[in-house]
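*Asks:* 3D, please:
(one chain, ligands or ions: 2)
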Amino acid sequence: MSTIPRVVAHRGASAVDPEHTLAAYRRAIEYGADGLECDVRLTADGHLVCVHDRTIERTSNGTGVVSKLTLAELERYDWGSWKNADDVQPVLTLETLLATVRDAGRPVELAVETKHPTKYAGLVERRLVEALDRFGWARPRLGTESPVRVMSFSWLSLRRMRGLAPGLRTVLLMDKIPLRFRDGTLPGGVSYAGPSLAIVTANPEYVDRAHKHGHQVHVWTVNAENDVRHCRDIGVDAVISDHPDMALRVLREE
Ligand code: G3P
Ligand code: CA
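*Replies:* Ligands and ions are numbered 1, 2, ... in the order given. The predicted structure follows:
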């Protein structure tokens, strides 16, 4: 019998709501998503905000580069109506998202992706750990697990996280698997594998290999019903989807 993957809402319920807004995350929680995914970037004045792109043009009515704007400047813009007319949304800080997870009324996982991890010499990771510490989530007590895991395409970023908060789980995102890790191993200290959907479609056996080495497999971005079924059938542990409602429905079908 295959395991049922957990469903993680990619940028919130981002097929319906503007990505990375509180509305998108609240809707994902209402849908019953097991987890939420967000990207974080540092503002010019050192706040972590949930924004995917380096620049703000695509997802707000402002212009500029996130790292060159202060939080107060980002707060002047509307982050919703680019997606749905009249849906005015504020920029979302990581702090607000963490509070939303805490107040969800049920356990909800949060996968935080560090987006520009090699710049600023580790400042993103330090700020992230400080934020998680305010919620008691960076250093889970023995026998407990933090609801938060940190994901990155950068092993350097995950290594920094491991140094700062050794108890936190980490996910190495991969759009191709380096030759030396095709056997299902991961770089030292990384908890889970985060291959793209294309990887596990072409190489379904990768999931078993990672499991043999004790690593969960979290796959992104799984937006079609057949791909959700495929992930379930090959034993994927979590699917990251813009359509968490669809993924939950498909997985509950059988
Ligand atoms: O969940 C991983 C996935 O989000 C990585 O790609 O570009 O959507 O951040 P991207
Ligand atoms: Ca992401």
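*Asks:* List the residues that contact the residue nearest to D34 when sequence neighbours are not counted.
*Replies:* The spatial neighbour of D34 that comes closest, neighbours along the chain excluded (CB to CB, 6 or more residues apart in numbering), is R6 at 3.9 Å. Where you see a C-beta, it was placed from the backbone N, CA and C, and this is true even at glycine. If you count contacts by CB atoms under 8 Å, 6 or more residues apart in numbering, R6 has them with 34-35, 109, 237-239.
*Asks:* just the helices in the stretch 1-150 of the chain please.
*Replies:* Under the criterion DSSP state H, counting those that start in this stretch, the stretch 1-150 of the chain contains helices at 22-31, 71-74, 94-102, 123-134.
*Asks:* near ligand 2, which residues of the stretch 1-150 of the chain show up?
*Replies:* Counting by CB under 5 Å from the ion, the stretch 1-150 of the chain comes close to ligand 2 at 39, 113.
*Asks:* how about a cut-off of 6 Å?
*Replies:* Counting by CB under 6 Å from the ion, the stretch 1-150 of the chain comes close to ligand 2 at 37, 39, 113.
*Asks:* Please look at the first one and V7 and confirm they touch.
*Replies:* Read it as E37. No. E37 sits out of contact with V7 when judged by CB atoms under 8 Å, with a separation of 10.6 Å.
*Asks:* Please report the distance of the spatially most central residue of the chain from ligand 1.
*Replies:* When CA atoms, centre = their mean is applied to the chain, the residue found nearest the centroid is E37 (2.9 Å). As judged by CB to the nearest ligand atom, to the nearest Å, E37 and ligand 1 stand 5 Å apart.
*Asks:* Do you know the pLDDT at that residue?
*Replies:* We have a pLDDT of 99 for E37.
*Asks:* Stretch 164-183: end-to-end distance?
*Replies:* Here the two ends of stretch 164-183 are set 28 Å apart, with distance taken as CA to CA, to the nearest Å.
*Asks:* next one: stretch 199-215
*Replies:* 16 Å.
*Asks:* For it, buried residues please.
*Replies:* 199-200, 206-207, 209-211, 215 (16 or more other CB atoms under 10 Å).
*Asks:* ok, now stretch 105-125?
*Replies:* Quick answer for stretch 105-125 (16+ other CB under 10 Å): 108-117, 122, 124-125.
*Asks:* near ligand 1, which residues of the stretch 101-250 of the chain?
*Replies:* 113, 173, 220-221, 240 (CB under 6 Å from any ligand atom).
*Asks:* For these, name the two members farthest from one another.
*Replies:* Largest separation among these by CB to CB: E113 and T221, giving 11.9 Å.
*Asks:* circling back: looking at the residues of the stretch 101-250 of the chain next to ligand 1, which are in strands?
*Replies:* 113, 173, 220, 240 (DSSP state E).
*Asks:* For the closest residue in space to the second one that isn't next to it in sequence, which three-state class applies?
*Replies:* Put plainly, it is L173. Spatial nearest neighbour of L173, excluding adjacent residues (CB to CB, 6+ apart): G194 at 4.1 Å. Assigned by DSSP: H, G, I helix; E, B strand; the rest coil, the conformation of G194 is strand.
*Asks:* Thanks a lot, see you next time.
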